[in-house]
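> this is a predicted model, with the sequence first.
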Amino acid sequence: MPIIEASHLTKRFGKFTALDGVDLEVNEGEVYGFIGPNGAGKSTTIRILLGMIKATEGKARIFGKDVWADAVDIHKRIAYVPGDVNLWPNLTGGEVIDLFMTMNGSTNQAKREELIKKFNFDPTKKSRTYSKGNRQKVALIAAFAFDADLYILDEPTSGLDPLMENIFQECVLDAKRAGKSVLLSSHILSEVEKLCDRVGIIRHGKIIETGTLDELRHLTRTHLTIKTKEQLTSLNKLKGIHNLEEKDSELTFQVDTEEMDTVIRYIAEFGILKLESAPPTLEDLFMRHYLGTENSKEEGAL
């Protein structure tokens, strides 16, 4: 059952089109990764979903309710963490967490204390003394202490060190195991790859790919390192071969996944002594889309 349903979302600011027909669906119990570089439209989409701004065109529903007309009701069941948290400077971190929890209707003090300990957070200091990472911790602790049905996380680990990022990932997986839904906006591809069931890639205000990681990996390239008994010839003439290099009698290259079978059969004719394969990553997919876009722009400009 879809928790979030967005159809043809368009948002214009004057002559600038920030979103151009975005379709988005997040299912119950699913962690959905929403990826793209800064300025691609992630935060604009999220602000529409939160009822903070109104879409120029299109519709969006959360829990079956209109995100603009029913924002108050929707917010009773969601937790939100932005990428840049602003706090009341004269309140302590603990006081801010308590305030957020009260606003959410949460009374789970045991969960609050558990998260403060996990995130190695000092709640007694004034908020004005906190680093960016500690401000993020305040929002994350308040969010995960709340038994929300949907967590909307917009670049939530911005400013956190790697150890705290691991704690965050544990919290997301705990929420998933509890049947909660998560919309995770991020440009940290390793984070998305570890956590998400499905991903959507947004570029220039448009969703350009969406699906499970396995479904998207057919568009990526596998890295191979090989050594053969006989000299391998004409490999660069095969379809799907990229970035071919030779070093110390070994060849390294990338191969389009859909051409893998043909390439391996060809290499086998030369007698394989060594073959190392690195699986395609989400980063490969991401960079392939964006580098392709930039190259197209440059070609068009010439």
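Done, it's in.

> part of a helix, is residue 151?
No. Residue 151 is assigned strand when assessed by DSSP: H, G, I helix; E, B strand; the rest coil, not a helix.

> what's the weakest-modelled helix or strand in the chain?
Of the helices and strands making up the chain, the lowest-confidence element is helix 282-301, at a mean of 57, by mean pLDDT, DSSP states H and E.

> quick one: the helices in this structure, in order.
In the chain, the helices defined using DSSP state H lie at 42-49, 71-75, 93-104, 109-118, 132-144, 162-177, 189-195, 213-216, 260-268, 282-301.

> got the buried residues for stretch 258-267?
By neighbour count on 16 or more other Cβ atoms under 10 Å, the buried set for stretch 258-267 is 263, 267. Placement of C-beta: from N, CA and C, glycine included.

> can you show me the CA trace of that stretch as CSV?
The C-alpha coordinates for stretch 258-267 follow below in CSV (Å, rounded to 0.1, in the frame of the first residue of the first chain):
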residue,chain,number,x,y,z
GLU,A,258,24.2,-6.6,-20.5
GLU,A,259,27.3,-7.4,-22.5
MET,A,260,29.0,-9.4,-19.8
ASP,A,261,28.3,-12.9,-21.2
THR,A,262,29.7,-12.1,-24.7
VAL,A,263,32.8,-10.5,-23.2
ILE,A,264,33.6,-13.4,-20.9
ARG,A,265,33.2,-15.9,-23.7
TYR,A,266,35.6,-13.9,-25.8
ILE,A,267,38.2,-13.6,-23.1
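
> ok now it, how far from the chain's centre?
Averaging C-alpha positions (Cα atoms, centre = their mean, to the nearest Å) puts stretch 258-267 32 Å from its chain's average.

> please apply the same query to stretch 192-208.
With Cα atoms, centre = their mean, you get 6 Å for stretch 192-208.

> endpoint to endpoint, it covers what distance?
Terminal residues of stretch 192-208 are spaced 17 Å apart (Cα to Cα, to the nearest Å).
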